[in-house]
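1. got a predicted structure here, sequence first:
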Amino acid sequence: MDILIYTLVGLHGVMVVNVLLNLATLSFRRRTRSSVDLPSVSILVPARNEEHNLPRLLTSFLDQDHPDAEMIIYDDQSTDGTWEIIENANDERIRGIKGTELPQGWVGKTNGCYQLSLQAGGQVFLFIDADTAFQHPAALRHMCERFATRPPSTVLTGMTLLQGGGRSIVSMVGALIVGCIPWWMGRHVPASTMSGINGQCWMIMQSDYRKHEPHLFARKEVLEDVRIGRYLHSKGLIPILDDVTQDLTVHMYGNFSEAWAGFRKNTAEILGRSTTTSVLGLSFYVVMFVLAPFIHAPLVFSLLFMKFVADRVTRQPLGVTLLAPVSFLLVVGIGIDSIWHRSQGRIQWKGRIINVNS
């Protein structure tokens, strides 16, 4: 038992230090912008049945003061009014691609992003989800200015402002990003397994994208953002984290049920690529984040500290933070549900069965 306690104390200590260093790094990047001429930017948006989200995104984009920006939206065989909204945008900066049947061996989002990249002409590609929105007219310009200050041989990914329903679940995204990845190391992260990107928001030079074609590499992946981040790291393009909580909002889910279903589709992949590794990953999570305070009571403070910092970074309500024990437990339930559905080939999202083995 003593060995287990010492191990948990050590791991929690590393996590707390990592959180503090990440917090300092995000604070620094938030204040860093370049005064150089802005590059042209293509904002690339995959969309499937997003009629309730796209008007908010399009309105916010049309308000942007960036002098050379375009938005291209890929309508992935939507069955609602998504295409009509794109057609009615009535602005030369916005154009759409009418998607066709999903190619064999591709996941919908990776195919959509790849098709978008083929049509984009900006010097910089900004990939965002359809449920995002710019918060103020200078948001895109500020993001591009910070992108221009990034170290050489890096890509930029964003810590977004998370809103919508199911926040007891959604807030764990921030906890995972802030608590488990050493962003403070910048371009010196030593291993690709310690890297990743947030698929809700990331930026890359067109030349780097064309050279490595990350969506082609990750075409089969339901957890494409983590795989792409690790792939780019292996190619010498290191993902670094930018705080865009004051620039970009993500309205992730409408309610708790939608949030559960959304996290079900990829939690098993986060935990491991096979059922065995997923079960082992979930077991480690249970010991580290659920059982740890029962094994050694003071560890409850490190867990609450991590969640408190992550929730402040992503500007979650204090009530969400106070429900941190519930959030940690919900991940266990979602993990079990996700592992089971994946093992049965029943992972589904927006009317499609996602076959992670295809």
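-> Great, that's in hand.
2. C-alpha from now on. contacts and neighbour counts both.
-> OK.
3. what's the helix or strand for V226?
-> helix 224-234 (DSSP states H and E).
4. so how far is that helix from its chain's centroid?
-> The gap between where helix 224-234 is centred and where its chain is centred comes out at 12 Å by Cα atoms, centre = their mean, to the nearest Å.
5. hey, where'd the strands end up in the chain?
-> In the chain, the segments counted as strands under DSSP state E are 41-47, 69-75, 94-98, 124-128, 132-134, 154-159, 161-163, 201-205, 238-243, 248-251, 348-349, 352-353.
6. tell me what the fifth one is packed against?
-> To tie it back to what came earlier, the one meant is strand 132-134. helix 54-62, strand 248-251 (3 or more Cα pairs under 8 Å, 6 or more residues apart in numbering; DSSP states H and E).
7. and if you look at the fourth one?
-> Using 3+ Cα pairs under 8 Å, 6+ apart as the contact definition, the elements that strand 124-128 packs against are strand 41-47, strand 201-205.
8. would you tell me which one of those strands is buried the most?
-> When the helices and strands packed on strand 124-128 are scored by mean count of other Cα atoms under 10 Å, the highest mean neighbour count falls to strand 41-47 (a mean of 26).
9. run through who's touching the helix holding V226.
-> For helix 224-234, the external contacting residues (Cα atoms under 8 Å, 6 or more residues apart in numbering) are 110, 191-199, 212, 214-215, 217-218, 221, 238-239.
10. now for the residue lying closest to S153 once chain neighbours are set aside, how many residues are close by?
-> Distances taken as Cα to Cα, 6 or more residues apart in numbering place L237 nearest to S153, at 4.9 Å, with adjacent residues excluded. Using other Cα atoms under 10 Å, L237 is surrounded by 20 other residues.
11. quick revisit: so for I3, which of the strands of the chain sits nearest?
-> strand 238-243 (34.6 Å; Cα to Cα).
12. got TSV for the strands of the chain, with distance to F308 and mean pLDDT too?
-> Listed next are these as TSV, based on distance: least, Cα to Cα, whole Å; pLDDT from 0 to 100:
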stretch	distance to F308	mean pLDDT
strand 41-47	31	97
strand 69-75	35	98
strand 94-98	39	96
strand 124-128	26	98
strand 132-134	24	97
strand 154-159	16	94
strand 161-163	15	89
strand 201-205	23	97
strand 238-243	17	94
strand 248-251	20	94
strand 348-349	31	70
strand 352-353	36	71
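13. just put these in a markdown table and tack on distance to T32.
-> Below are the strands of the chain laid out as a markdown table (distance: least, Cα to Cα, whole Å):
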| stretch | distance to T32 |
| --- | --- |
| strand 41-47 | 19 |
| strand 69-75 | 21 |
| strand 94-98 | 29 |
| strand 124-128 | 19 |
| strand 132-134 | 19 |
| strand 154-159 | 13 |
| strand 161-163 | 19 |
| strand 201-205 | 16 |
| strand 238-243 | 10 |
| strand 248-251 | 17 |
| strand 348-349 | 38 |
| strand 352-353 | 42 |
